[in-house]
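Student: Quick one: sequence plus predicted model below, questions after.
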Amino acid sequence: MPERHPTMPDTRRPAESRLKTPPRYGRRALVAVRAATRAAALACTLSAMASASMGIGMPTALAAPPVPAAQNVDPRHPLEIEALTRPREVLAKLPAARKALAVGDRVGAAKLALAEANACRVIADWRCQRRAGSTAVTEADRTSSVYLQVRARIALGRGLSRLGDFNSAARVLAEAQRRLGEHGDDELMADVLLAYSSISERLGKLDESYRYAKEGLAHAPAETQTDMRLRLLRNMAHIAAERGRPEEARTLLQEANVLLPKTGDPKLAAEVLLEVARAARATGDADTVEAMGERIGAIGDRLRNTQLHGLSYETRAQALELRGRKAEAVALFRQAQTAFAALNLHQDESRTVRAMVNLQLAGTDKERLPASISRLIQLNDRIARTEREAAAADFEERLRYAESDAELARANAKAENERLRAMASEDKNRYLLVAGVLAICTLGVVAVLYAQQRRHATLMRERGREMEIAISTDFLTSVHSRRYITDAGNAAFERARATGEGFAVAVVDIDRFKTINDRYGHAVGDDVLKAVAQAMRGVCRDSDTLGRYGGEEFAVLLEGIAPEHALAAAERLRKAVAAIELRVGDAAIAPTASVGVACIAADDPDFDHLLVRADRALYRAKEDGRDRVVLAD
């Protein structure tokens, strides 16, 4: 079964057992600000301060009591529907719409916040979506509508996931699912599962993403939930194509294509058409690719959307490339680049320039190759800079919220102090009484800050353990990292020396891995590395330690093993790799591996020397023809 990201819940278990409190940006700074704020507020009421301090770092949504299943579904605001086709006009109308609300109309305020979140989603302004989603949660929680409370959390969760805050997004969605209940509204349940699917895909957990989308289909019948079913089918088709299952992707997209005339979301229709084009391109179907490009262009004409025009040019260029008409393909790629550049869509422009560079390297329009490479380098630098600036802006925005809260608390504390001074000037006895109360409050502040400090220290220890796990694990293959293998190897070597038990290390290197990368690309190379790691993990003993030592090289620590059995263990590793077969389009990749194994000897001074002997045996295996095991002398 595939590994699960720690923030993604298993929908087959109770929601309350799924999640942990996630880490946040600037946690230490926020804790310090909030500590000062609550210390000042204690002068007003100790009991309120104590309860607030125990909730530091947790959103108020999680403190809400369980809510029954959704009932009395509220219709969506007309502006939310209009946002699908005219998002910027909707954003301009929202201030007037909010002013027109009756005083205390929380339902209307929540619906307008959802309309804003939808408009922000369509124009891909994720900070705007997060901000609007947070407002929607605040307003919806002041109503009795479970429908609005759940939809608000879905909107907020999507914004958080797009900004890379996956832990917070998963926590918010789990709360939405908890409020929805086991027998809640099908449309909302499908929406929650769609959000989980999208988060899993962004985390690289494709099998998890596919499973969530498939579960969502059971809650999204085509007759009543066309748009939701289209989104779920789009996710499943994309993952099927990524996993090398083109026939399944084609079948899913055929169902989606039947539903397209019924959707009122042109942006969603364009996304589905793009998936159809990608699937057709993978099978070399140039006619379908071109037809999808023209349909995307028609949607762009209807919406006057330059980005969709760019995607249309790009898709049609890919069709021309499949037909061998490379000069015309370059011309259309250049039109797509111009459209994306006009909107500062650097990611999309980078993709089209990269496609032109590949054609120019093959000899088409090669006189413009230097200019294309120069532009590609500029775009990569700009994308990296934009990502850094976005991360910094996100951090600053969080601090601004914390600082505004602190200013308000300081103002309240100042007003309270003035009131106390006025009371003291009127009556000396009252002053003494207030002084006594403040003394008690001071003791309370000390007690609460001490409890808070202990809580913070516990959180820091937990964070340290999480960081240790992250450092000791290779992010691509999910096996141990080089650092972990080195530390574990040194410890195992010392244990073997002390107890006299057997110990060996096997170094495994994938044969001709550079050729695989050069021929099929680094994405396929990454898939080969993950498949090799999974295959070797399947034949390792519980006492063995498997790790990625660097590039295409892995190391396996074999503790408590006799020298005569070490060679057989290494041979199992080699055979496990040799049994792998990956499909890439019509081609099959069957990697092999060379293995060098060394057993601990009396003249080995340390683990590094043992590892060097295993490495030398590996090179002998390479020299002897690869795909074999060599035991060190």
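Tutor: Great, that's in hand. Given the structure is predicted, the values throughout are model-derived calculations rather than measurements. Residues are numbered from 1 along each chain as shown.

Student: so what secondary structure elements neighbour the helix or strand hosting residue 536?
Tutor: Using DSSP states H and E, the element containing residue 536 is helix 522-539. Applying 3 or more CB pairs under 8 Å, 6 or more residues apart in numbering; DSSP states H and E, one finds that helix 522-539 contacts strand 503-510, helix 513-520, strand 545-550, strand 553-559, helix 563-578, strand 582-584. Where you see a C-beta, it was placed from the backbone N, CA and C, and this is true even at glycine.

Student: which residues of the stretch 401-550 of the chain score low on pLDDT?
Tutor: The stretch 401-550 of the chain contains residues with pLDDT under 70 at 401-409, 411-412, 464-466, 468, 470.

Student: whoops, I mixed them up, the chain
Tutor: In the chain, residues with pLDDT under 70: 1-74, 182-184, 390-409, 411-412, 464-466, 468, 470.

Student: picking up where we left off before, going by neighbour count, which residues in the helix holding residue 536 are buried?
Tutor: 524-525, 527-533, 535-536, 539 (16 or more other CB atoms under 10 Å).

Student: So for residue 203, which of the helices and strands packed on helix 522-539 sits nearest?
Tutor: strand 545-550 (19.2 Å; CB to CB).

Student: How far away from the center of its chain is the closest one?
Tutor: Here strand 545-550 is found 25 Å from its chain centre; the criterion is CA atoms, centre = their mean, to the nearest Å.

Student: Over to stretch 601-615?
Tutor: The answer for stretch 601-615 is 41 Å, by CA atoms, centre = their mean.

Student: End to end on that stretch, go ahead and measure it.
Tutor: With CA to CA, to the nearest Å as the measure, stretch 601-615 spans 15 Å from end to end.

Student: who's in contact with that stretch?
Tutor: The contact list for stretch 601-615, computed with CB atoms under 8 Å, 6 or more residues apart in numbering, reads 486, 489-490, 492-493, 503, 505-507, 555, 596-598, 600, 632-633.

Student: how about 7 Å then?
Tutor: The contact list for stretch 601-615 (CB atoms under 7 Å, 6 or more residues apart in numbering) reads 489-490, 493, 505-507, 596-598, 600, 632.

Student: Any of the residues you listed buried? List them.
Tutor: Buried, going by 16+ other CB under 10 Å: 489, 493, 505-507, 596-598, 600, 632, out of the contacts of stretch 601-615.

Student: domains for the protein, by residue range?
Tutor: Domain ranges of the chain: 284-394, 482-631, per automatic domain parsing.

Student: With distance to residue 153 as extra columns, can I get these in CSV?
Tutor: As requested, the domains of the chain are exported to CSV (distance: least, CB to CB, whole Å):
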stretch, distance to residue 153
domain 284-394, 20
domain 482-631, 33
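
Student: just to revisit the earlier point, which two of the buried ones among the contacts of stretch 601-615 have the greatest separation?
Tutor: Top of the distance list for those (CB to CB): 493 and 596, 17.0 Å.

Student: Work out for me the element residue 172 sits within.
Tutor: helix 166-180.

Student: just the helices in the stretch 1-150 of the chain please.
Tutor: 27-41, 46-53, 78-82, 87-99, 106-122, 126-140, 146-162 (DSSP state H, counting those that start in this stretch).

Student: Residue 419 is nearest to which of the ones you listed?
Tutor: Closest among those, using CB to CB: helix 27-41, at 14.1 Å.

Student: now residue 633, nearest residue through space, not along the chain?
Tutor: residue 613 (7.6 Å; CB to CB, 6 or more residues apart in numbering).

Student: pretty sure the one you found is in a strand, no?
Tutor: No - read with DSSP: H, G, I helix; E, B strand; the rest coil, residue 613 is helix and lies in no strand.
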